[in-house]
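Trainee: Let me see the structure of the following:
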Amino acid sequence: MYKTTDGEEIFVVDGHVALWDGSTANQKNRHGQEFIDCFYDYHRNLSPQEWLWPHDKFLRYDQETFIHDVFETGYVDVAIFQPVGLTDFYKEPFGNVAKNFALAEQYPGRLIGNGYFDPRDGEEGLERLEEWAKTYHLRGVKLYTAEWHGDSKGYRLSDAWAQRYLAKCLQVGIRNIHVHKGPTIKPLNMDAFDVSDIDDAASTFPDLNFIVEHVGLPRLEQFCWIATQEPNVYAGLAVANAFIHTRPRYFAQIISELLYWLNEDRIVFGSDYALWQPRWLIDQFMSFELPDDIRQETGVQLTREIKKKILGTNAARLYEIDVPSRLSQLRHDVISQKTRQAG
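Mentor: Model (predicted):
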């Protein structure tokens, strides 16, 4: 829970967190090292100096560190796992759906464990998606359209098999489709993260919500043109948030464009932990103001009420979280008790 200087409490949903294993022991080949090292470069270049991790900690951190950083000191009330397999690069999945679910079971009400799919897995993958949906009570999936799969270096949501998987999501009750459409990560190809296939998918499946993670960067303008005509397309701020520190004007341009084209009801906060920690992101976001010239040009505001929607209630609506009931549940859980004891 984030508390303002005048005592108002703000419900926070971190829409993009991970508990990954990029360790040397789990790397299948050189690409596993390239991938996690590229992640670390983003972490090192965009984080405040006092929030930097050593490289070895970044490769693989434990559950206690995750709980402490996200919930105990990070203001977050509910966090959503967005795992990705990357099994061409890692022996065990980079993000493990079963382990995420097990941790969520330990902290009722705190964690939502999403799954993932790869349409190149064919019928076997469809069966696994249905099994995961039942076993782990999935309400969302995270997709990496640039993920490698044998000789293939990416797919599009307009592909026939991808459409079958999206139809399966509808059938098994998965409504939230989180799609990485942003900066590339070595050795993946940037073109395979192109945002244009969102248009077809959103039109074909109007009952699904497409949360475009990283708001299409560096294709922000193209994303905005798609999102303005597709009411089931949302902007996930993971990665974009981090520019608030090193490039505050660039962040102002990003958030003002999103507010202009999408409005404040379709923008979702995400720290992308452990690339960045939610505490400093939320602190800087709550104190952030748009420059006068940008406000005058776009006509948008970034008020406290809008920030509250972005930080929590928009994601709560997507995941059908009743905020008063959830807060009542969480106020006396083990995390809240430990946080109060620590002051």
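Trainee: what kind of secondary structure is residue 211 in?
Mentor: strand (DSSP: H, G, I helix; E, B strand; the rest coil).
Trainee: residues in contact with it?
Mentor: Contacts for residue 211 were tallied using C-beta atoms under 8 Å, 6 or more residues apart in numbering; they are 15, 140, 176-179, 234-236, 268, 318. (C-beta placed from N, C-alpha, C; glycine too.)
Trainee: show me the contacts for residue 169.
Mentor: Contacts of residue 169 (C-beta under 8 Å, 6+ apart): 129, 141, 175, 177, 208.
Trainee: One more: residue 18?
Mentor: By C-beta under 8 Å, 6+ apart, the contact list for residue 18 reads 81-84, 95, 272-274.
Trainee: Let's see that with 10 Å instead.
Mentor: Counting by C-beta atoms under 10 Å, 6 or more residues apart in numbering, residue 18 makes contact with 39, 66, 79, 81-84, 94-95, 100, 142, 238, 271-275.
Trainee: And residue 289, by the same measure?
Mentor: So residue 289 contacts 248, 252, 295, 301-303 (C-beta under 10 Å, 6+ apart).
Trainee: what about burial for those residues, which qualify?
Mentor: 252, 302 (16 or more other C-beta atoms under 10 Å).
Trainee: Out of the contacts of residue 289, which sit inside helices?
Mentor: Counted as lying in helices by DSSP state H, out of those, are 248, 252, 295.
Trainee: Neighbours of residue 24, how many?
Mentor: 11 (other C-beta atoms under 10 Å).
Trainee: Surely residue 294 touches residue 252?
Mentor: Yes - applying C-beta atoms under 10 Å, one finds residue 294 in contact with residue 252, separated by 5.4 Å.
Trainee: pLDDT below threshold where in the stretch 101-250 of the chain?
Mentor: Applying pLDDT under 70 to the stretch 101-250 of the chain picks out no residues at all.
Trainee: could you pull out the strands for it?
Mentor: Taking DSSP state E, counting those that start in this stretch as the test, the strands found in the stretch 101-250 of the chain are 111-113, 115-116, 140-143, 176-180, 209-213, 233-236.
Trainee: Any of the contacts of residue 18 buried? List them.
Mentor: Looks like these have 39, 66, 79, 81-84, 94-95, 100, 142, 238, 271-275 buried, using 16+ other C-beta under 10 Å.
Trainee: Which of those residues fall in strands?
Mentor: If you go by DSSP state E, these have 79, 81, 142 in strands.
Trainee: Closest to residue 9 out of those?
Mentor: Of all these, residue 9 sits closest to residue 79, with 17.5 Å by C-beta to C-beta.
Trainee: buried stuff in stretch 130-139?
Mentor: By 16+ other C-beta under 10 Å, the buried positions in stretch 130-139 come out as 130, 132-133, 136, 138-139.
Trainee: between those, which is nearest residue 225?
Mentor: Using C-beta to C-beta, residue 139 comes nearest to residue 225 of these, at 28.3 Å.
Trainee: ok, of the contacts of residue 289, which one's closest to residue 111?
Mentor: Closest to residue 111, out of all of these and judged by C-beta to C-beta, is residue 302, at 28.5 Å.
Trainee: Look at the residue lying closest to that closest one once chain neighbours are set aside and give its secondary structure.
Mentor: Distance criterion C-beta to C-beta, 6 or more residues apart in numbering; nearest residue to residue 302, sequence neighbours excluded, is residue 290 at 5.1 Å. Taking three-state DSSP as the rule, one finds residue 290 in the coil state.
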